[in-house]
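Chemist: Provide a 3D model corresponding to the input given below.
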Amino acid sequence: MLFIGSLAACNNSKKPDPQALAAYQAEIDAWHAKRVEEVLAPNGWVNLIGLFWLQPGLNTWGSAPDNHIVFPEGTVPPSAGFFFVNNGTVTLTVEKGVDIRLGGNPISKAVIFHPDLARNPQLEMGALRWNIIKREDKLGIRLRDLESDALKNFQGIPRFAVDPAWTLPARFEKYDSLRTIAITNIIGQTYEQKSPGALLFRYQGRELRLDVLDGQDKYFVVFADATTGKTTYGGGRFIDVKKPDATGATHIDFNKAYNPPCVFSPHATCPLPPKQNVLPVSVTAGELNYGEQH
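Modeler: Numbering: from 1, shown residues only. Below is the predicted model:
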């Protein structure tokens, strides 16, 4: 990043390069614009309107309240069919005359989830889209509405002013290959996930650390800080960090700290920060709590 060298100069009480500052601001603004685009996309989070957990066996489905799975009134017929769950496989049977589509084609019956297949197809009816999600031993229906009120009323994601001082050099400390950390999600499930290591960095003379989870080309961090539950979302925030070079060096840009999906919808299943990732400082950078004015 162009700005890193100028940041070092800034930390040494030298005036940062104005051109580098402008370039950095533009970089963060572009990142934020892409972020907004992603949360508003058909597979984003603002349009998420429902999460329905399936039980083994027959699950009747429709908008009538006596169904096992009740979609919002007016979105589907009172009785639309049923989902059948057997050994982790989910089959949808559709009532005659109900226009449900899979891959653009109408269906009457189809396997819509199988534990051994990577493919997880999306079903369509009008503006509705839904698919099956798996969370540990639970299977559920994730429902989206491409014409939801949340989309129509979206007014942007508030954020702190961009502050280059929150781009911090970090050192990667590698863990044993068998090391795991306990991650609890917002629906109360706790599971062990492999952690390749921790990021060590300094802020205001204090050495801090964050355990990471592995991604394809980056590390993923779930963290909280002294702003959590105040100006930022109570369930913490996420940040992606570039994997280190051969010397273990990388950097954390907290201006790119972003909200989890649960801030946009109560129907998401977000991981919460592990206790060791609760920072004892106020990270006044990145996204603020969605839907609130600060």
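
Chemist: Show the low-confidence segments of the stretch 1-150 of the chain, by residue range.
Modeler: Along the stretch 1-150 of the chain, segments meeting pLDDT under 70 span 1-15.

Chemist: ranges for the strands of it?
Modeler: For the stretch 1-150 of the chain, the strands defined by DSSP state E, counting those that start in this stretch cover 48-53, 57-62, 69-70, 81-86, 89-94, 101-102, 105-106, 109-113, 123-125, 128-135, 138-145.

Chemist: With mean neighbour count as added columns, please give these in TSV.
Modeler: Every C-beta, even on glycine, is put in place using the N, C-alpha and C of the backbone. Conversion of the strands of the stretch 1-150 of the chain to TSV gives the following (neighbours: other Cβ atoms under 10 Å):
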stretch	mean neighbour count
strand 48-53	19
strand 57-62	18
strand 69-70	20
strand 81-86	18
strand 89-94	19
strand 101-102	14
strand 105-106	10
strand 109-113	17
strand 123-125	18
strand 128-135	18
strand 138-145	20
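
Chemist: Those strands into JSON lines, with extra columns for distance to residue 214?
Modeler: Output for those, formatted as JSON lines (distance: least, Cβ to Cβ, whole Å):
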{"stretch": "strand 48-53", "distance to residue 214": "26"}
{"stretch": "strand 57-62", "distance to residue 214": "35"}
{"stretch": "strand 69-70", "distance to residue 214": "35"}
{"stretch": "strand 81-86", "distance to residue 214": "31"}
{"stretch": "strand 89-94", "distance to residue 214": "29"}
{"stretch": "strand 101-102", "distance to residue 214": "33"}
{"stretch": "strand 105-106", "distance to residue 214": "38"}
{"stretch": "strand 109-113", "distance to residue 214": "25"}
{"stretch": "strand 123-125", "distance to residue 214": "31"}
{"stretch": "strand 128-135", "distance to residue 214": "19"}
{"stretch": "strand 138-145", "distance to residue 214": "24"}
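
Chemist: so which of those strands gets nearest residue 200?
Modeler: Closest approach to residue 200 among these is made by strand 128-135 (31.7 Å; Cβ to Cβ).

Chemist: on that earlier part again, which of the strands of the stretch 1-150 of the chain sits closest to residue 289?
Modeler: strand 48-53 (17.5 Å).

Chemist: Can you spell out which helices and strands pack onto the closest one?
Modeler: If you count contacts as 3 or more Cβ pairs under 8 Å, 6 or more residues apart in numbering; DSSP states H and E, strand 48-53 packs onto strand 138-145.

Chemist: angle of the strand it packs on against strand 109-113?
Modeler: Taking axes from the mean of the first three to the mean of the last three Cα atoms, to 10 degrees, one finds strand 138-145 and strand 109-113 inclined to each other by 110 degrees.

Chemist: Strand 138-145: partners in the sheet, and parallel or antiparallel?
Modeler: Applying DSSP bridges to the sheet, strand 138-145 is found paired with strand 48-53 (antiparallel), strand 128-135 (antiparallel).

Chemist: ok, which stretches of the stretch 151-294 of the chain are strands?
Modeler: Per DSSP E, counting those that start in this stretch, the stretch 151-294 of the chain carries strands over the ranges 167-174, 180-184, 190-194, 197-203, 206-211, 213-214, 218-223, 237-242, 249-253.

Chemist: CA atoms only for the longest one, dumped as CSV, please.
Modeler: Written as CSV, here are the backbone C-alpha positions of strand 167-174 (Å, rounded to 0.1, in the frame of the first residue of the first chain):
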residue,chain,number,x,y,z
THR,A,167,-3.4,1.3,9.9
LEU,A,168,-1.1,-0.6,12.2
PRO,A,169,1.9,-2.9,11.5
ALA,A,170,1.4,-6.4,12.8
ARG,A,171,3.5,-9.5,13.3
PHE,A,172,2.1,-13.0,12.8
GLU,A,173,2.7,-15.6,15.6
LYS,A,174,2.1,-19.0,14.2
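
Chemist: Thank you, goodbye.
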